[in-house]
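Colleague: Any chance you could fold what I've pasted below:
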Amino acid sequence: QVQLVESGGGLVQAGGSLGLSCGPSGRTFRPVTMGWYRQAPGKEREFVATMNWSDGSTRYVDSVKGRFTISRNNARNTVYLQMNSLKPEDTAIYYCHADLYDPTRDFRGAYWGQGTQVTVSS
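Modeller: Here you go, the predicted model:
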């Protein structure tokens, strides 16, 4: 069973920076896409950023463009989210999401991390 292990997050003042990382534990799958979503209190979970593993292309929600950067470590199947110029409205639980392919079973599935809290104080 694949689990996505997240790390990073925490508390920072507005204008500060934080980094998140996420990688699969246990059985190794091939990432198809890996990215991040977030859920603020009282709101629905929303897309933040994603990376296509085959060509490295990225996509961001408009509200984080120019401030957040998604990157990867191919060898470790790990995705990162560098968050700069953080704003109070970025406060949320951030969830890693991965679309993974298992070539041994010809199986593709979607997985979520456990979530990590990011709090930006004003």
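
Colleague: low pLDDT regions in this structure?
Modeller: Scanning the chain for pLDDT under 70 picks out 26-28.

Colleague: can you do 80?
Modeller: Scanning the chain for pLDDT under 80 picks out 1, 26-28.

Colleague: can you give me the strands in the chain?
Modeller: 3-8, 10-13, 18-25, 30-39, 46-52, 58-60, 68-73, 78-83, 92-102, 107-112, 116-121 (DSSP state E).

Colleague: Please identify the buried residues of the longest one?
Modeller: By 16 or more other C-beta atoms under 10 Å, the buried positions in strand 92-102 come out as 92-100. In short, each C-beta sits where N, CA and C put it, glycine included.

Colleague: where's that strand relative to the chain centroid, distance-wise?
Modeller: Counting by C-alpha atoms, centre = their mean, to the nearest Å, strand 92-102 is centred 6 Å from the centre of its parent chain.

Colleague: need the buried residues of strand 92-102 in a markdown table with distance to Thr69, can you?
Modeller: Shown next, in a markdown table, are the buried residues of strand 92-102 (distance: C-beta to C-beta, whole Å):
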| residue | distance to Thr69 |
| --- | --- |
| Ala92 | 18 |
| Ile93 | 20 |
| Tyr94 | 14 |
| Tyr95 | 18 |
| Cys96 | 15 |
| His97 | 17 |
| Ala98 | 18 |
| Asp99 | 20 |
| Leu100 | 22 |
